[in-house]
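Undergrad: test case, fold it:
(one chain, ligands or ions: 4)
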Amino acid sequence: MRSNSGTTLIELAITTSILAIIIVLTLTFVSSVSESSGVLNQVTSMQQKANEIIEKMAESLREAKVQGLVTAGDNNITFQIPVDYDNDQDLMDNAMAIEWGTKRMDLADTPVKGLTQKYEFVKTGEFSEASRSVDLNQDDDLNDVFDVGHVDIVFPAGIGTDSTGSVTLTEFRQSLTPDCVIQLKGQTAADIDNDGNNDPIFWQDGNTIRTTIFFAKTEEQEPVMVKVSSAVLLRNPQ
Ligand SMILES: [Ca+2]
Ligand SMILES: [Ca+2]
Ligand SMILES: [Ca+2]
Ligand SMILES: [Ca+2]
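TA: Ligands and ions are numbered 1, 2, ... in the order given. The predicted structure is shown next:
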């Protein structure tokens with residue numbers, strides 16, 4: 001009886017510790033699964049949104065007449081689009097030339113002749129790998145610091161006069177993205193993902209406009225980086 005109960009106690013102790021190990025293993029497994037599915041959700045939702053944004057930009061750039069050359073350090077691209085400013089239901093004027101201009105978004109999309117619109121990166125913050133202990137660009141160091149911001153579309157808006165009486169044009173801005181666009185700090189054309197190719201947001205390669213955007217939700221505890229790019233062949237090159 002005594003030896004029996006002794007065995008039972010030992011057995012109980014062994015069973016309890018085995019159970020404890022199993023519980024710990026299970027919890028570790030569950031938490032790592034939910035962590036990786038959290039990262040996966042983050043990547044999937046960002047990828048989807050990023051694709052929509054870049055497709056929308058590509059659509060307008062395809063028709064565009066780019067103003068000036070877009071070099072690799074530029075954080076913006078200025079362009080015109082065909083608009084029906086003579087209001088005869090086509091995009092050609094009387095001389096059969098394309099009606100280049102933009103729209104006054106502040107005036108219900110009213111077409112305006114000769115003016116431009118642009119896409120532009122606007123910095124709103126920074127992300128430091130070291131201070132967050134996250135290797136965001138996965139190049140095996142924690143040395144990188146990123147500018148964080150968004151891409152605006154900028155239209156001309158109301159025309160006013162300044163203090164000297166000169167005519168001024170104001171801007172109408174719309175943010176195309178949340179504050180989750182990243183670039184290496186102060187290096188608008190740098191190679192973010194270390195694949196040997198520089199990653200300016202906009203870059204003109206002959207009649208092709210290349211757009212590359214890196215997205216990261218830097219407010220997440222474990223932010224991940226997503227890259228989206230497009231190459232648009234200009235339909236109306238100069
Ligand atoms: Ca017209
Ligand atoms: Ca890094
Ligand atoms: Ca680095
Ligand atoms: Ca790169």
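Undergrad: the top strand by length along the chain: how far from the chain's middle?
TA: Across the chain, the longest stretch assigned as strand under DSSP state E is strand 145-161. Taking CA atoms, centre = their mean, to the nearest Å, the mean C-alpha location of strand 145-161 is offset from the chain mean by 15 Å.
Undergrad: if we go by neighbour counts, what in the helix or strand that comes right after that strand is buried?
TA: Reading on from strand 145-161 to the C-terminus, the next helix or strand found by DSSP states H and E is strand 167-175. Of the residues in strand 167-175, residue 172 count as buried by neighbour count, 16 or more other CB atoms under 10 Å. To be clear about C-beta, it is placed using only N, CA and C from the backbone, and glycine gets the same treatment.
Undergrad: in terms of secondary structure, what does the helix or strand just after strand 167-175 contact?
TA: Counting by DSSP H and E, the next helix or strand C-terminal to strand 167-175 is strand 181-184. Helices and strands touching strand 181-184, by 3 or more CB pairs under 8 Å, 6 or more residues apart in numbering; DSSP states H and E, are strand 117-128, strand 145-161, strand 208-216.
Undergrad: pull the CA atoms of whatever helix or strand comes next after strand 181-184 into PDB?
TA: Next along the chain after strand 181-184, taking DSSP H and E as the criterion, comes strand 202-205. Output in PDB follows, covering the C-alpha atoms of strand 202-205 (Å, rounded to 0.1, in the frame of the first residue of the first chain):
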ATOM      1  CA  PHE A 202      10.100  57.300 -60.200                       C
ATOM      2  CA  TRP A 203      12.600  56.900 -63.000                       C
ATOM      3  CA  GLN A 204      12.400  57.500 -66.700                       C
ATOM      4  CA  ASP A 205      14.100  55.100 -69.000                       C
END
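Undergrad: could you dump the helices and strands packed on strand 181-184 into CSV with mean pLDDT added?
TA: Output for these, formatted as CSV (pLDDT from 0 to 100):
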stretch, mean pLDDT
strand 117-128, 97
strand 145-161, 90
strand 208-216, 96
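Undergrad: re the thing from before, can you give me the angle the longest strand of the chain makes with strand 117-128?
TA: Interaxial angle, strand 145-161 versus strand 117-128 (axes from the mean of the first three to the mean of the last three CA atoms, to 10 degrees): 150 degrees.
Undergrad: compute the first-to-last residue distance for stretch 69-83.
TA: 22 Å (CA to CA, to the nearest Å).
Undergrad: go through it and flag the buried ones.
TA: Those would be 70, 72, 74, 75, 76, 77, 78, 79, 80, 81, 82, 83, for stretch 69-83 by 16+ other CB under 10 Å.
Undergrad: now swap in stretch 39-49 and tell me
TA: 42, 46, 49.
Undergrad: what do you get for stretch 83-90?
TA: Within stretch 83-90, the residues scored as buried using 16+ other CB under 10 Å are 83, 85.
Undergrad: how about stretch 63-70?
TA: Neighbour-count burial for stretch 63-70 flags 63, 64, 65, 66, 70 (criterion: 16+ other CB under 10 Å).
Undergrad: averaged pLDDT, that stretch. What do you get?
TA: Averaged over stretch 63-70, pLDDT sits at 93.
Undergrad: show me how far it is from its chain's centre.
TA: Taking mean C-alpha positions (CA atoms, centre = their mean), stretch 63-70 and its chain are 21 Å apart.
Undergrad: contact partners of it?
TA: Contacting residues not belonging to stretch 63-70 are listed as 77-82, 98, 100, 116, 202-204, 209, 234-236, 238 [CB atoms under 8 Å, 6 or more residues apart in numbering].
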